[in-house]
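Asks: sequence below, structure please.
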Amino acid sequence: MTDARVLHVLPHHGGGAETYIDLLEKIEGFSHARVALSAGRTPAAGAASIAPRYPGVARRILGADVVHVHGDAATMLALPLLTLRPSVWTTHGLHLLRRVDGPARALSSRALRRAIAMTARTVCTSQAEHDELLALVGGNAGADHGLRVVRNGIDPSPLPSAEQRAVARADLDLQSDELIVLFLGELDGRKRPLDAIAATERARAAGAPVVLLVAGDGPQRDAVVERASEGVHVLGHVRDVTPLLSAADVLVMPSEREGLSFAVLEAMGAGLALVVSDGRGNPEAVGEAGLVLALGDVPALADALVALAGDRDELRRLGAAARARVTTTLMAAHLRDGVADAYREALGRSSSA
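Replies: Got it, this is the predicted structure:
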C-alpha cells in the first residue's frame, strides 16, 4: 500500500517546527514533504515573499493527501488553502496570538476559530494551549472541537559518560569544578537571553564558579556579544548541540512563553538540571523535575545558580528527575501516536464526506 502523503506547511524554514517534523517522519504509513510560506524568518522577508510563493504552495497542497500546518501565524495565512485537502494544524506555542492585543487580537482570534472549525484536528503541544483555544471558541471541557493535547517528545540519547563529559568540557576550555550553564535558543526578547547573562554575572560576583554558554542567533545577538566575558561564552548558532549538552550541568530557560520547548526536552533527556521561568509552557514541560522561578526575576535566577554551584547532590537529583520525566512522559513515540491519530481522523473525515 502506498504511504499517505503529508505536506507540512511552515511559516519559514528553521526553528522548532523542523525538529517536530523530523520526529514525525518515523510514523509508519505516511510520507512527508515540507514547504515554507515565507523565504525568511523576518517580517520583511515575509512581506516580500509570501504572495509570490502562495500559488506554488497551493499546487503542493493539491498533491497531498493530508496538509499539516505549523504554528498559528502560518495557519492564519493558509486559511484559504485549508479547504483544498484534509488538514490538521499544530499550535507550537500560539506565539502570534499571545503577543498581540486590541484589533490584532480580535482578528487573530477570529481567524483561529475558523481554523479550528475547518481542520480535522487542532494539535495542542501543551494543556495550556488547549485551554486557551477552548476558551477562544467558547467551549466547555466536555465539548469536542477537534482540540487534542499531544505534547512534544523526544527520542533521548544515552547519557554521556564521564569520559565524554570531560572531553566536551576540554574542547570548550571549561574546568571540571565550574558550574556550566547553557542557554539554548533564539536570541530574541521572548527568550530573554539577557536575563540569563545578568544572572550569571550576579552569581559570579557572589563568588560562584558559574560559566554560561549562550548558543543561538537572533535579533539580540549584538547585545549578547557585548556581554561576552570570561564567564559568558557566546557561541553563535550551533548545529550539533550534543557536545554542549554533554558539557553542561544546567539549562536555563527564562523565556516569556514557549510551546513545549525542544531545547528543554533535549536538556532533560541529557540529564541536565532545569531552571526555567514560569512563562507559559515552561512549568508544564518540567513539572516537578526542575526549578520554576518568576518571569524576569534575575536575582532569584542568580541565587538558584549559586545554590546549585554549591550543592552537587541537588544538581544530580534534579538531573535524574528531568531524565526520568522525559523517559516516562515526554517520549517521541507518544507524539507520533497522537499526530498519526490526527492524520487518520483527517483522512477518515475526507472519505466519509
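
Asks: drop to CA atoms for contacts and neighbour counts, all remaining ones
Replies: Noted.

Asks: I'd guessed Cys35 sits against Gly14; true?
Replies: Check again: residue 35 is Val, not Cys. No. Using Cα atoms under 8 Å, Val35 is not in contact with Gly14; the gap is 11.4 Å.

Asks: can I get the CA coordinates of the helix or strand where Ala307 lies in PDB?
Replies: Following DSSP states H and E, one finds Ala307 within helix 298-309. This file holds the C-alpha atoms of helix 298-309, laid out as PDB (Å, rounded to 0.1, in the frame of the first residue of the first chain):
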ATOM      1  CA  VAL A 298      17.100  37.900  37.700                       C
ATOM      2  CA  PRO A 299      18.100  37.900  41.400                       C
ATOM      3  CA  ALA A 300      16.200  34.700  42.000                       C
ATOM      4  CA  LEU A 301      17.800  33.100  39.000                       C
ATOM      5  CA  ALA A 302      21.200  34.100  40.200                       C
ATOM      6  CA  ASP A 303      20.500  32.700  43.700                       C
ATOM      7  CA  ALA A 304      19.400  29.400  42.100                       C
ATOM      8  CA  LEU A 305      22.700  29.200  40.200                       C
ATOM      9  CA  VAL A 306      24.700  30.000  43.300                       C
ATOM     10  CA  ALA A 307      22.900  27.300  45.200                       C
ATOM     11  CA  LEU A 308      23.400  24.700  42.600                       C
ATOM     12  CA  ALA A 309      27.100  25.500  42.200                       C
END
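
Asks: list the contacts of it.
Replies: 178-179, 195-196, 198-200, 202-203, 206, 208-210, 275, 293-294, 314-315 (Cα atoms under 8 Å, 6 or more residues apart in numbering).

Asks: same thing but at 6 Å, please
Replies: The contact list for helix 298-309, computed with Cα atoms under 6 Å, 6 or more residues apart in numbering, reads Leu179, Ala199, Arg202, Ala203, Ala208, Leu315.

Asks: and stretch 38-45, how far apart are its ends?
Replies: This stretch, stretch 38-45, spans 7 Å end to end (Cα to Cα, to the nearest Å).

Asks: buried stuff in that stretch?
Replies: Within stretch 38-45, the residues scored as buried using 16 or more other Cα atoms under 10 Å are Ser38, Ala39, Gly40.

Asks: more neighbours: which of Val35 and Gly14?
Replies: The neighbour comparison of Val35 against Gly14 (other Cα atoms under 10 Å) goes to Val35, with 18 against 12.

Asks: just say helix, strand or coil for the nearest residue to the more buried one once chain neighbours are set aside.
Replies: Leaving aside its sequence neighbours, Val35 sits nearest to Val9 (Cα to Cα, 6 or more residues apart in numbering; 5.2 Å). At Val9, secondary structure determined by DSSP: H, G, I helix; E, B strand; the rest coil is strand.

Asks: pLDDT at Val9, what is it?
Replies: pLDDT recorded at Val9 is 98.

Asks: check the gap between it and His70 for me.
Replies: Val9 is 6 Å from His70, by Cα to Cα.

Asks: so, low pLDDT: which residues of the stretch 151-300 of the chain?
Replies: Counting by pLDDT under 70, not a single residue of the stretch 151-300 of the chain qualifies.

Asks: quick one: the strands in it?
Replies: For the stretch 151-300 of the chain, strands defined by DSSP state E, counting those that start in this stretch occupy the ranges 179-184, 210-215, 232-236, 250-253, 273-277, 291-293.

Asks: got the ones you listed as a markdown table, with distance to Arg105 and mean neighbour count columns?
Replies: Shown next, in a markdown table, are these (distance: least, Cα to Cα, whole Å; neighbours: other Cα atoms under 10 Å):
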| stretch | distance to Arg105 | mean neighbour count |
| --- | --- | --- |
| strand 179-184 | 29 | 26 |
| strand 210-215 | 32 | 24 |
| strand 232-236 | 34 | 18 |
| strand 250-253 | 26 | 26 |
| strand 273-277 | 25 | 26 |
| strand 291-293 | 28 | 19 |
